[in-house]
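S.K.: here are the coordinates; sequence isn't available:
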């Protein structure tokens, strides 16, 4: 059994996180909120007004534990980490690959295939569980369209075309989210598609936070492997954007983030008072709402799945690191090709 270190999420306004020997103490003026052994912590994510002491930051840097600050909507603000790790030869191979467009095509095909396959599994599972026959038919129809595009991928060798396939299917998918909600919910949902900056409904607010958390986990896995998260292939280079992290993240969006969001709403774990409805239409999560989302996200990462290549059960969160290692092998050319993480239907 694989032991998965956890991401420590700190979001209590006014709290201070400090290091006492090998333990992280979370305190306020009223007393101690929590004590967490540092060896159990993989990284720290801060949301809201939380202070970290210098000794804690120094120790995290020395031990390769990243510290990330997100705003309350899950948007990335900054990241603190120690010296760059990894084999410089691996990063050199990554940069050389970026200059050779033809060699990028199999990777981009794999990223898109992973996303389409895992999205199809989610849609078909939702169709089986749905009590609305019309909604179930819409879900199955879109899953069939995705299957058609999946079968086309090996024959598409132009990266802009592959990006177009990914974009078209993302729009199809998000147009169906009302059909993915299986029953009445306790918050007003006015889903009209994906909205980001700012989120315009509670479901988008939850997705924005979850995608921010997933991006952090994928970026950390790439850095642990020695890859540069900024230089991707499906996502074009853009200052400040971790292109490779977004590439690898695609196959995990439906498996981890989207499943978590649907679970929270379909099980009615979120209430109306978990959200703040701001002037102008923006919606944000309250502190209690974020706590609920974080807890479910961690539970989802702990769920055990059978990895299709390893043929053994591992925590879903650990699968991200496994895929980062497979990606590194493909970039070094000491493995035939990159195989995305496919979940079973």
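M.R.: That came through fine. Remember, predicted model here, so these are calculated numbers, not experimental data.

S.K.: okay, CA-based contacts and neighbour counts for the rest of this
M.R.: Will do.

S.K.: can I see the domain layout of the protein?
M.R.: 6-80, 88-332 (automatic domain parsing).

S.K.: contacting residues for the residue nearest to residue 274 when sequence neighbours are not counted?
M.R.: Closest residue in space to residue 274, ignoring its immediate chain neighbours: residue 289 at 4.4 Å, by C-alpha to C-alpha, 6 or more residues apart in numbering. Taking C-alpha atoms under 8 Å, 6 or more residues apart in numbering, we find residue 289 in contact with 270, 274-275.

S.K.: try 10 Å
M.R.: Contacts for residue 289 (C-alpha atoms under 10 Å, 6 or more residues apart in numbering) come out as 206, 269-276.

S.K.: Check which helix or strand it maps to.
M.R.: Using DSSP states H and E, residue 289 sits in helix 287-302.

S.K.: Of all the residues in stretch 13-30, which ones are buried?
M.R.: Residues 15-19, 23-27 are the ones in stretch 13-30 that count as buried (16 or more other C-alpha atoms under 10 Å).

S.K.: could you dump the contacts of residue 289 to JSON lines with neighbour count, pLDDT and secondary structure?
M.R.: Listed next are the contacts of residue 289 as JSON lines, based on neighbours: other C-alpha atoms under 10 Å; pLDDT from 0 to 100; DSSP: H, G, I helix; E, B strand; the rest coil:
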{"residue": "206", "neighbour count": "29", "pLDDT": "93", "secondary structure": "helix"}
{"residue": "269", "neighbour count": "15", "pLDDT": "90", "secondary structure": "coil"}
{"residue": "270", "neighbour count": "24", "pLDDT": "87", "secondary structure": "coil"}
{"residue": "271", "neighbour count": "16", "pLDDT": "86", "secondary structure": "coil"}
{"residue": "272", "neighbour count": "15", "pLDDT": "85", "secondary structure": "helix"}
{"residue": "273", "neighbour count": "13", "pLDDT": "86", "secondary structure": "helix"}
{"residue": "274", "neighbour count": "18", "pLDDT": "89", "secondary structure": "helix"}
{"residue": "275", "neighbour count": "22", "pLDDT": "88", "secondary structure": "strand"}
{"residue": "276", "neighbour count": "17", "pLDDT": "86", "secondary structure": "strand"}
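
S.K.: Now the two most distant members of those.
M.R.: Pairwise distances across these peak at 16.2 Å for 269 and 276 (criterion: C-alpha to C-alpha).

S.K.: can you give me the strands for the chain?
M.R.: Along the chain, counting by DSSP state E, strands occupy 6-10, 15-20, 23-28, 31-37, 41-47, 50-52, 67-70, 76-80, 275-277, 283-285, 304-306, 313-315.

S.K.: Which elements pack onto the fourth one?
M.R.: Read that as strand 31-37. strand 15-20, strand 23-28 (3 or more C-alpha pairs under 10 Å, 6 or more residues apart in numbering; DSSP states H and E).

S.K.: Deepest-packed of the strands of the chain, please.
M.R.: Highest mean neighbour count of those: strand 283-285, a mean of 24 (counted as mean count of other C-alpha atoms under 10 Å).

S.K.: Averaged pLDDT, it. What do you get?
M.R.: In this model, strand 283-285 has an average pLDDT of 88.

S.K.: Off-centre distance for it?
M.R.: The chain centre lies 19 Å from the centre of strand 283-285; the measure is C-alpha atoms, centre = their mean, to the nearest Å.

S.K.: Quick check: neighbours of it in the sheet, parallel or antiparallel?
M.R.: With DSSP bridges as the test, strand 283-285 is paired with strand 275-277 (antiparallel).

S.K.: got a list of what residue 70 touches?
M.R.: 11, 45-48, 76-79, 209, 212-213, 216.

S.K.: pLDDT score assigned to it?
M.R.: Residue 70 is given a pLDDT of 76.

S.K.: Any regions of the stretch 201-345 of the chain where pLDDT drops low?
M.R.: Where the stretch 201-345 of the chain drops to pLDDT under 70, the residues are 334-336, 345.

S.K.: List the buried residues for stretch 312-322?
M.R.: 314-322.

S.K.: Equivalent analysis for stretch 159-175, please.
M.R.: 159, 162, 165-166, 169-170, 172-173.

S.K.: so of those, which ones are in helices?
M.R.: Counting by DSSP state H, the buried residues of stretch 159-175 place 159, 162, 165-166, 169-170, 172-173 in helices.

S.K.: State the mean pLDDT of stretch 10-27.
M.R.: In the prediction, stretch 10-27 has an average pLDDT of 83.

S.K.: Residue 246 and residue 108: what is the separation?
M.R.: Here the distance between residue 246 and residue 108 works out to 12 Å (C-alpha to C-alpha, to the nearest Å).

S.K.: actually residue 231, not the one I typed
M.R.: Counting by C-alpha to C-alpha, the gap from residue 231 to residue 108 is 13 Å.

S.K.: Right, I'll call it a day here.
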